[in-house]
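Enquirer: model the following, please.
(2 chains)
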Amino acid sequence: MIGISGIVFVDLFAQRVSKTSEQDSRNFVSADFIVRSWRDFDADLLSKIRELVPAQDQSWHQSLLAGARDANDSVLSITLEAIEGGYPFYGKWKLENEGTLRIEDLRGKQEVLVDPALKSLGYRVGDTLEIGGIPFQIRDFVLEDPQSLNFMSFSAYRIWMHRSEFQKTPLAGPGSRISNRLYLRKPGVDAKKFREDFRRKVPDPNWRLRSAQQSNAQVQRTVGLLKSFLSFIALCGTFLGLAGIFMIFVADLRQRLPQFLTLRCLGVREAELKKALLAPALLSVVLASLAGASLSWWLEGRVALLLEAKLGVTLAASPNPLRSFLLALSTGLLASIPALSTPISRVMRIPVNRLFSGGIDASLLQANLSPRALIMMTGVALGLATLLSGSVMLSALNLLFVAGLIALLWAIARGALGVVEKLRTKTFILSYLVKSMARQRERSLLWLLSLGFGFFFLLLGLLVSQSLQKQLQVADDTGGSNLVVMGSGPDDLSSLRPRLPTDHEQIAYFQARIYAVNGAPIQEKVNESEASSDDAEGSGEMRVREYFVNVRENLEVYPGEKVVAGADIFGPRLAGDVVRASFEQGFAERLGLKLGESVQLEVAGIPLRAQIVSLRSVDWFQFRPNFFISLAHEDVAGAPLTFLQLLRVPDTEIGSWQASLIKSFPHLTTLDLRRGRDQIMNALARLSLSVQAATAFLVAASVLVLLSIFLARRGELKAEFTLLRCLGVRAPQLSLFLVAESFLSATLAWCGAFVCAVPAAWALLRFGLKAGFSFSSPGLLAASFALCIALVLVSNVLLNRRLMTTAPQELFSED
Amino acid sequence: MGPSGSGKSTFLSLLAGLDLPTSGEIQLAGRDIARLTEDERALFRAENIGFIFQSFRLLPTLSVLENVCVPLEILGRHEARREAEALVERVGLGDRKHHSPQQLSGGEQQRVAVARAFVTRPKILLADEPTGNLDSENSALILKLLGDLQRDHRSTLLVVSHDPGVAARADVRLRLNKGRLLGEEQST
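Expert: Model prediction:
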């Protein structure tokens, strides 16, 4: 039931998210197309776009980082969204008090809509925020933004106002770093054709075009990845669930072996006996499938509601349960029929004359149906079921991963058992335990495998999330900056200098376009997941982008940076007036550049050739301004530089620092880096919680297998314990047997899981998340180890506690 | 001796301290075992009583030699292996001492059980239908072995059986019916 529940849950959830993304794909951008640039939309451009899309289907958005001062003189870093036009075209605002609203309702009013996070800071509707020296009243809190599915991390509180009001503030003046976007409604049009029309009229690639259809593709890819991950978990859970069911089934068959042989001896035909055995087993599978499907249908609905509340999004209505019920039934039956009918066939092969000679014991079936055979059968049955049922798990890669993981854990468990066999002790009961584990090798292996399986995922999730959190924490604790002041020129900052803390850092940069690589037009290799973030729809479109180019005055590397190849960038220009540049390693790879190769840049209309003389690695988790390209100051002396001051001030004084800076220098922007870091930490905490919830499902499944193994061996253990007690072993010694067995097997399983989880986590962090690995929470690891031992011990003792106290007189009476 | 339900197994259970009497006392080797605690009775069994069952009851996860070692190891004897090996040789299974019980015939398994029962040189041996699962040839072999070892170890051997042939070998024969002792016969 657990296995089937997992599959159905994944299917239902995937259906809902896919449906949501299909219905609301335009919510990603709340339009059909967006034209974007750092440049202002001039009249010529607007008239060209009007030829494609009428004015009423356009909405102009401007955004920038700014400061807002409240009545108490406290200053907040804000991301200001100034909007004009028909926005929202799709989706809707969900406000705390007013229900729906269009941005034009704010025209001519000094009112703003604000981030709901401000509520927790004590702000109320009607409070005043001074933005660019003009007071604005808080009209309402935005619970859901029309771009509801656009999960972005904002390092500042979001505030929305009408663009006409924004234009009245000095923030809109020359020199401001405003991002301009034109939202276009053009329903039903082919994105490719529209792009061609747009490019005919606006060939300048600085005006980038993004389409909702591309965003949808990105959602589908994200949904696909999520589905794949959940499917993997569900597949593992189903495998464990099925393995447990088969263990119990085979144990039951072993116990009833004399009955079957007697019935056959008395004239019951094989076919009838098979039917009698298979029918109730299949009925159980059908009932478990229906119960599993019902359970997950209920559960998925609750999870969706929870997600809607936590993430502030509206998901599509409940998916069709019929499909999921059919999926549950088909997967359950397809996976079970071969695995249930095989042991039954094996029973039928046992000659009836065993009733008269040779005796009947468990070994008759055991010889033909070892746990290893069970695992193989389960794997084959599950593989067949997933392929034939056409379920969400139709991923051969997932099946391969599961098979590989089982093989690896099996090999580790074998090695560990080999070590156990060599253990020597003078305590009889412990030496008996070691011998039992060694002789019942395959059962012990299945036991270790199932536990190891569950804990592998638990540890993987734990190690990855803890490493990420540690990295962010370290960046925060090692004296990194927590406040950034963005200025427009060196003069501003020179007047600021007397007010800055002594340990501040100044970084200069300018904007440049890369338009050629090694003399050829730029052709950036873009990850599929990044494709929709820009306008490279289809293939072959030239991606000319603007980058912030860092200008350095000395050799000192920034915190988190490392020069991985090449020399420094200071020195005379190279032949052909080429300047020396240092590139971030990953960025160079994306552009297909190596050390010694060159790029052509355009800075404020002036071309500049640069050769890569050094490659740097950057720890992006340092959460500080970092750059893809760095040049020496002397090479770009005339460039229009912008300056950043990175400050470390006491956390409690960040607000007052921002307030005093904004008061003295209203044209400057301050940015509280803690907010972005906190958002990432929160997102990580949520992600790690959801991963751990998914792995808890697997741990539950592995406990199911464990229980089935305990149940399957209960008869044998009872016989052994009874005899041992008869021979003089005391009840406390038998308790020691169970405790030592639980401790030993849990330790081996956990260690096996740990040995696999560490390299897996390292690989995932290193290659998937580009982050470092660290053992950050030994306490949590110890807790998972204790959990592993507790689960085995409690299951073992609870199921077998009577065996230690039952009087062994039945040794005689049974005879 | 006695028919089914006569109380033979209950009698053995009471003697072994596996069951407790509802009234009266059981004096064995000079001790009232009904007054002992569960753990004391376990130790008493380990030190004083050997068991042979109709269906052998060997531990399937242990080899022949390891099965014979078990009672000695329970008592913590350091020379367990040497003593057990000697007895395994004595019952004629020296060449099969590393085999598992499943690899032996019924007669061989019962010989292992006999070796296990005698290995601690117990004062009393309780045998419950020791030949019940064996053919006549193996039965004879087991009975001879039991007799020889009983004499050598000077143990008291208490055998429950339906077989008059087995009964004929005993020095004293007790007849039970419906839980009551019907009579006692001495061999002449």
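Enquirer: low-confidence ranges, chain B, go.
Expert: Within chain B, the segments meeting pLDDT under 70 span B:188.
Enquirer: let's see it at 80
Expert: Residues of chain B meeting the criterion pLDDT under 80: B:78-80, B:133-134, B:187-188.
Enquirer: which residue ranges of chain B form strands?
Expert: B:27-28, B:31-32, B:49-52, B:124-128, B:156-160, B:172-177, B:180-186 (DSSP state E).
Enquirer: what's the span of stretch A:247-266 from first residue to last?
Expert: End-to-end distance of stretch A:247-266: 28 Å, with Cα to Cα, to the nearest Å as the criterion.
Enquirer: likewise for stretch A:261-279?
Expert: First-to-last residue span, stretch A:261-279, Cα to Cα: 19 Å.
Enquirer: now residue A:88: which helix or strand?
Expert: If you go by DSSP states H and E, residue A:88 is not part of any helix or strand.
Enquirer: correct me, but it touches residue A:105?
Expert: No: Residue A:88 lies out of contact with residue A:105 (Cβ atoms under 8 Å); the separation is 11.8 Å. No exception for glycine: its C-beta is placed from N, CA and C like everyone else's.
Enquirer: and those two? Which one has more around it.
Expert: Neighbours of residue A:88 and residue A:105, each counted by other Cβ atoms under 10 Å in any protein chain shown, are more numerous for residue A:88; the result is 24 against 14.
Enquirer: which residues does the residue in chain A that chain B sits nearest to contact?
Expert: Relative to chain B, the nearest point of chain A is residue A:728 (2.5 Å; Cβ to the nearest Cβ). Contacts for residue A:728 (Cβ atoms under 8 Å, 6 or more residues apart in numbering or on different chains) come out as B:42-47, B:71, B:74-75.
Enquirer: need the longest helix for chain B.
Expert: helix B:136-153 (DSSP state H).
Enquirer: what about that one, distance to the chain center?
Expert: Mean C-alpha position of helix B:136-153 versus that of the full chain (Cα atoms, centre = their mean, to the nearest Å) differs by 12 Å.
Enquirer: which elements pack onto that helix?
Expert: helix B:106-118, strand B:124-128, strand B:156-160, helix B:164-169 (3 or more Cβ pairs under 8 Å, 6 or more residues apart in numbering or on different chains; DSSP states H and E).
Enquirer: quick one: pLDDT of residue A:46?
Expert: pLDDT for residue A:46: 88.
Enquirer: residues of the host helix or strand of it that come out buried?
Expert: Assigned by DSSP H and E, residue A:46 belongs to helix A:43-52. Neighbour-count burial for helix A:43-52, counted by 16 or more other Cβ atoms under 10 Å in any protein chain shown, picks out A:45, A:49, A:52.
Enquirer: now those in a markdown table, with distance to chain B?
Expert: Output for the buried residues of helix A:43-52, formatted as a markdown table (distance: Cβ to the nearest Cβ, whole Å):
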| residue | distance to chain B |
| --- | --- |
| A:45 | 84 |
| A:49 | 82 |
| A:52 | 81 |
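Enquirer: which one of those residues sits closest to residue A:264?
Expert: residue A:52 (81.9 Å; Cβ to Cβ).
Enquirer: just to check, the closest one is in contact with residue A:198?
Expert: Yes: with contact defined as Cβ under 8 Å, residue A:52 counts as touching residue A:198 (6.4 Å).
Enquirer: state which helix of chain A is the longest.
Expert: For chain A, the longest helix by residue count, based on DSSP H, is helix A:673-726.
Enquirer: next SSE after that helix?
Expert: With DSSP H and E, the next secondary element past helix A:673-726 is helix A:731-763.
Enquirer: quick one: buried residues of whichever helix or strand comes after that next one?
Expert: Of the helices and strands lying after helix A:731-763 in sequence (DSSP H and E), the nearest is helix A:778-805. Neighbour-count burial for helix A:778-805, counted by 16+ other Cβ under 10 Å, picks out A:781, A:784-785, A:788-789, A:791-793, A:795-796, A:799-800, A:803-804.
Enquirer: anything in helix A:778-805 sitting right up against chain B?
Expert: No: no part of helix A:778-805 sits near chain B under the criterion Cβ under 8 Å from any Cβ of the partner chain; the closest distance found is 8.6 Å.
Enquirer: output the contacting helices and strands for that helix.
Expert: Applying 3+ Cβ pairs under 8 Å, 6+ apart, one finds that helix A:778-805 makes contact with helix A:441-477, helix A:673-726, helix A:731-763.
Enquirer: centre of the chain to the longest one, how far?
Expert: With Cα atoms, centre = their mean as the basis, the distance from the averaged C-alpha position of helix A:673-726 to the chain average is 20 Å.
Enquirer: what residue in chain B comes nearest to chain A?
Expert: residue B:46 (2.5 Å).
Enquirer: what about the nearest residue to that residue once chain neighbours are set aside, distance to residue B:34?
Expert: Nearest residue to residue B:46, sequence neighbours excluded (Cβ to Cβ, 6 or more residues apart in numbering or on different chains): residue A:728, at 2.5 Å. From residue A:728 across to residue B:34, the span is 17 Å (Cβ to Cβ, to the nearest Å).
Enquirer: next one: residue A:255
Expert: For residue A:255, the distance to residue B:34 - Cβ to Cβ - is 35 Å.
Enquirer: what does residue A:741 give?
Expert: In terms of Cβ to Cβ, residue A:741 sits 33 Å off from residue B:34.
Enquirer: among the two, which residue is more densely surrounded?
Expert: Using other Cβ under 10 Å, the more surrounded residue of residue A:741 and residue B:34 is residue A:741, with 23 against 18.
Enquirer: look up the pLDDT of that one for me, please.
Expert: 91.
Enquirer: roughly how far apart are the nearest residue to it once chain neighbours are set aside and residue A:178?
Expert: Among residues not flanking residue A:741 along the chain, residue A:433 sits closest, at 5.6 Å (Cβ to Cβ, 6+ apart). Between residue A:433 and residue A:178 the computed distance is 73 Å (Cβ to Cβ).
Enquirer: got the buried residues for stretch A:566-573?
Expert: Residues of stretch A:566-573 classed as buried: A:566, A:569 (neighbour count, 16+ other Cβ under 10 Å).
Enquirer: measure it end to end?
Expert: Note: stretch A:566-573 ends 16 Å apart using Cα to Cα.
Enquirer: likewise for stretch A:47-65?
Expert: 28 Å.
Enquirer: also stretch A:198-212?
Expert: Termini of stretch A:198-212 sit 15 Å apart (Cα to Cα).
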